[in-house]
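Enquirer: this one's sequence-less:
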């Protein structure tokens with residue numbers, strides 16, 4: 001049966017001013033998890049969100065996570081564990097989001113106060129957290145309220161997991177998920193996360209995979225202190241020269257990875273997967289716009305998308321200890337640390353990738369015959385995640401997209417990392433869906449972050465419609 005959603009959609013339209021005010025209240029709380037002085041605001045945001053859920057009839061526990069490791073003077077924000085509905089005849093959907101945000105201040109270049117929601121004449125709602133991730137989190141609450149006002153019973157039970165440390169390493173989240181996998185989350189049938197974005201601005205997408213990220217550093221040191229190049233240039237092995245030679249060995253200007261053995265780990269492209277790329281609503285002009293110039297490596301859309309989504313990449317991020325401020329300083333740094341990462345994809349396992357990268361670094365170092373010393377360090381690692389886009393969780397979501405937006409969604413993979421997807425998949429053994437609300441131009445993490453009113457309101461319709469289609473979708 002096709003769900004009857006017209007009255008629900010009508011109610012969402014009628015309540016949109018209230019929903020925008022709800023977002024305005026949320027944006028006004030500067031819940032910046034990475035700044036010590038803002039930690040009380042992060043906790044306040046969690047409590048505000050809990051009160052909103054309770055007001056709608058949901059039950060909430062603000063799970064205390066204790067002190068932040070390595071920064072014991074700080075309390076971790078609570079992990080919000082909530083429920084709405086407990087009908088044993090209904091399917092159980094676990095929804096995840098986060099209520100903390102990236103740092104922001106007017107002096108960064110914002111056109112408006114980042115913590116005062118402002119709406120321009122094109123319906124763009126500017127404010128820190130508007131799209132990442134307060135708008136999508138509130139979309140679930142909006143969906144509950146619109147169902148209530150329309151007199152329609154929610155067709156599933158909702159299990160909620162909202163955290164306050166996503167922008168600062170998700171401290172405590174994995175432990176909570178593991179501890180609750182067979183308790184609070186034990187009845188979960190599927191997982192849905194709305195914390196990513198459309199590939200463009202016009203066509204919705206469903207995301208079934210993300211790349212992982214292994215981050216490394218190479219430390220080169222030699223002299224006992226920084227040296228004057230006029231006095232010691234040409235008479236000492238220089239750490240910066242050695243480091244640049246190593247950093248230059250990882251990747252070509254055209255993005256080709258030069259580390260032997262990495263490409264052998266990558267899962268081959270199947271015909272089924274290759275068929276997903278041509279229909280995607282994305283042009284090279286879209287890419288140029290997002291890059292801010294025409295510096296794309298690839299000429300064809302399909303090639304660009306595959307290298308963004310399903311192939312690995314190595315990026316060089318910076319050199320610690322080097323002179324980098326304006327002006328000229330003739331210093332030879334005594335110690336420099338080069339930082340780089342590799343975005344991983346199926347079937348690149350963390351340990352195997354690290355083993356290959358370390359071997360490469362050590363071989364390149366041996367070629368230099370330098371009297372300096374070198375250390376290879378693993379900074380952090382996160383595995384890739386991929387799902388079956390033909391699972392009933394995805395087919396239900398695709399039907400909801402078509403109902404709300406009138407088009408079939410693009411099936412995409414993210415180039416970045418969302419580690420919690422893998423945690424839920426591995427700990428619960430359930431299908432995980434990424435169902436985005438925002439678009440590619442929302443500038444999450446950047447200045448002038450925004451969420452289009454259309455995406456917020458139609459996105460609220462989509463979240464509710466997804467629950468209805470999910471309730472009826474055959475599991476085979």
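Expert: Now that the structure is in, tell me what you want to look at. Everything numeric in this text was worked out from a predicted model, so none of it was measured. Residues are numbered from 1 along each chain as shown.
Enquirer: tell me who's in contact with residue 331.
Expert: By Cβ atoms under 8 Å, 6 or more residues apart in numbering, residue 331 lies in contact with 226-229, 323. Just so you know, the C-beta spots here come from the backbone N, C-alpha and C atoms, and that holds for glycine as well.
Enquirer: who wins for most neighbours among the residues you listed?
Expert: Among the contacts of residue 331, residue 227 has the most neighbours (other Cβ atoms under 10 Å), with 19 neighbours.
Enquirer: for the residue nearest the centre of the chain, give its distance to residue 211.
Expert: Nearest to the mean C-alpha position of the chain, counting by Cα atoms, centre = their mean, stands residue 418 at 4.4 Å. Between residue 418 and residue 211 the distance, using Cβ to Cβ, to the nearest Å, works out to 10 Å.
Enquirer: hmm, back to that, and the contacts of residue 331, which of them are in helices?
Expert: residue 229 (DSSP state H).
Enquirer: which single one of the contacts of residue 331 is nearest to residue 427?
Expert: Proximity of these to residue 427 was ranked by Cβ to Cβ; the top entry is residue 323 with 46.1 Å.
Enquirer: residues contacting that closest one?
Expert: 329, 331, 333.
Enquirer: and of those, the nearest to residue 402?
Expert: Of these, the one sitting nearest to residue 402 (Cβ to Cβ) turns out to be residue 333, at 57.6 Å.
Enquirer: count the residues that sit near residue 149.
Expert: Residue 149, neighbours per other Cβ under 10 Å, totals 16.
Enquirer: which non-adjacent residue is nearest it?
Expert: residue 11 (4.9 Å; Cβ to Cβ, 6 or more residues apart in numbering).
Enquirer: secondary structure class of that neighbour, three-state.
Expert: Following DSSP: H, G, I helix; E, B strand; the rest coil, residue 11 is assigned to helix.
Enquirer: now tell me which helix or strand of the chain has the poorest mean pLDDT.
Expert: When each helix and strand of the chain is scored by mean pLDDT, DSSP states H and E, helix 284-291 comes last, with a mean of 86.
Enquirer: mind giving me the packing neighbours of the following helix or strand past it?
Expert: Using DSSP states H and E, the helix or strand that follows helix 284-291 towards the C-terminus is helix 301-309. Helix 301-309 makes packing contacts with helix 284-291, strand 410-414 when contacts are defined by 3 or more Cβ pairs under 8 Å, 6 or more residues apart in numbering; DSSP states H and E.
Enquirer: re the thing from before, can you check the pLDDT for the residue nearest to the centre of the chain?
Expert: For residue 418, the pLDDT comes out at 87.
Enquirer: wait, doesn't it sit right on residue 434?
Expert: Yes: at 7.2 Å, residue 418 counts as touching residue 434 under the criterion of Cβ atoms under 8 Å.
Enquirer: identify the contacts common to the two.
Expert: Contact criterion Cβ under 8 Å, 6+ apart; residues shared by residue 418 and residue 434: 193, 195-196, 210.
Enquirer: for residue 442, state which of these is nearest.
Expert: Within the shared contacts of residue 418 and residue 434, the smallest distance to residue 442 is 10.4 Å, found for residue 196 (Cβ to Cβ).
Enquirer: can you mark which positions in the host helix or strand of residue 177 are buried?
Expert: Assigned by DSSP H and E, residue 177 falls within helix 173-180. Neighbour-count burial for helix 173-180, with 16 or more other Cβ atoms under 10 Å as criterion, is recorded at 173-174, 176-177, 180.
Enquirer: in a strand, that's where residue 40 is, yeah?
Expert: No: using three-state DSSP, the assignment for residue 40 is helix, not a strand.
Enquirer: give me the number of residues near it?
Expert: For residue 40, using other Cβ under 10 Å, the count is 12.
Enquirer: on that earlier part again, closest to residue 33 among the shared contacts of residue 418 and residue 434?
Expert: Taking Cβ to Cβ as the measure, residue 33 sits nearest to residue 195 out of the shared contacts of residue 418 and residue 434, at 14.5 Å.
Enquirer: and the closest one, how far is that from residue 48?
Expert: For residue 195 relative to residue 48 (Cβ to Cβ), the value is 19 Å.
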